[in-house]
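> Build me a model:
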Amino acid sequence: MKLLFAVLGIAALYGAMVVVLYRRTDYYKSTKNPYLTVRFDAGRMGEYLIYKYLRDYEKDGAKFLYNCYLPKNQEETTEIDVLMIHTSGIYVFESKNYSGWIFGSEKQKTWTQSLPSGNKSKKEHFLNPIMQNNLHIKCLKEYIGEDYPIHSIIVFSERCTLKQINLVSDDIKVIKRDQVWQTVKQVEHQSENRISQEHILSIYKKLYPLTQVSDSVKEKHIEDIKTAHTKETVGDDTEKTDENVLMQTGSELVCPRCGGTLVLRTTKRGENAGKQFYGCSNYPKCRYMKNVEQ
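Down below sits the predicted model:
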């Protein structure tokens, strides 16, 4: 019994230390996201891990921004997951937290995620992340109003296999998350243009307010995505809302009921044990789920 209490005490101490260290990070100071919220939200965790891999760049004067809502037109916005401003350029990261095999090319409108399902495979389609990031970069350039070197990096989780990714542009990188530091280092060494520390701070100050937007701006962003997706799926009649349609933001599938992140999960007990489904990250507040069709 004493050994059990000792183990539990060590675990509690370790957990407390993790939270304390997390609260000292730039990510927490900027987003104010509680550690447990990040820990159990695949989208936020992916963004945090990108920062964690690259946080040593802060020693070089790099500045990070998260969930930056850039104006896309007079009424809509587009969201950048993670952005790093460094002397070697502005790095725009599109975070994808998918498992399975990933197939896609730079010019395709949609990419494919292939998931094992018994003796078969289940295919899910998602928007081309390169095109998504191209839109982010276009809006970023328009908002900054200056010509700085900008690097597009699509980051998938370590849980997936980039099976067949066809690129034609040299300035676009599609990688797994554990390759992010090495990739940025390579781009840094190849970059000829430089941004001064003064300009880094100027860009950061101009963009930072866009990471601190109100909940109403975030909610409208989600609604605009839903509307655009519904029009594309069922035509211009936006009254035909289908809750079984999986909406997608820059980084994750979106719950059509509350706007939370849809996370791919596996049933652990009962007659459906082993089957996969999409569950809302806001559970138990939101209990929306959708089975992965066989």
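> Mind checking the pLDDT average for stretch 88-106?
Average pLDDT, stretch 88-106: 94.
> What is the end-to-end distance of that stretch?
24 Å (CA to CA, to the nearest Å).
> how about the helices in the protein?
2-23, 26-31, 35-39, 42-54, 129-144, 180-190, 197-207, 215-234 (DSSP state H).
> Any buried residues in stretch 183-197, and which?
Within stretch 183-197, the residues scored as buried using 16 or more other CB atoms under 10 Å are T183, V184, V187, E188, I195. Any C-beta I mention is one placed from the backbone N, CA and C, and that applies to glycine too.
> can you check stretch 278-287 too?
Buried-residue list, stretch 278-287, by 16+ other CB under 10 Å: Y278, G279, C280, S281, N282.
> and if you look at stretch 114-131?
For stretch 114-131, by 16+ other CB under 10 Å, it's S114, L115, S117, E124, F126, N128, P129, I130, M131.
> do the same with stretch 201-212
Those would be I203, L207, L210, T211, for stretch 201-212 by 16+ other CB under 10 Å.
> for stretch 58-76, same thing?
Quick answer for stretch 58-76 (16+ other CB under 10 Å): A62, K63, F64, L65, Y66, N67, C68, Y69, L70, K72, E76.
> nearest to E142, of those residues?
L70 (8.3 Å; CB to CB).
> With only the CA atoms kept, save stretch 133-143 in CSV.
Provided in CSV are the C-alpha atoms of stretch 133-143 (Å, rounded to 0.1, in the frame of the first residue of the first chain):
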residue,chain,number,x,y,z
ASN,A,133,-2.1,27.3,-46.9
ASN,A,134,-1.7,29.2,-50.2
LEU,A,135,-4.9,31.1,-49.3
HIS,A,136,-3.5,31.8,-45.8
ILE,A,137,-0.3,33.1,-47.3
LYS,A,138,-2.1,35.3,-49.9
CYS,A,139,-4.2,36.9,-47.1
LEU,A,140,-1.1,37.3,-44.9
LYS,A,141,0.8,39.1,-47.7
GLU,A,142,-2.2,41.4,-48.3
TYR,A,143,-2.5,42.2,-44.6
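> sorry, back to before: among the buried residues of stretch 278-287, which are located in strands?
Mapping those onto strands (DSSP state E) picks out Y278, G279, C280.
> And the first one, how far from K218?
Okay, so that is Y278. Distance of Y278 to K218, computed by CB to CB, to the nearest Å: 21 Å.
> One more: the second one?
G279 sits 21 Å away from K218, going by CB to CB.
> Domains of the chain: list them as residue ranges, please.
Listed domain ranges for the chain are 24-213, 224-291 (source: automatic domain parsing).
> Which residue, neighbours along the chain excluded, lies closest to Y28?
Y22 (5.7 Å; CB to CB, 6 or more residues apart in numbering).
> residues near that neighbour, how many?
For Y22, the neighbour count with other CB atoms under 10 Å is 17.
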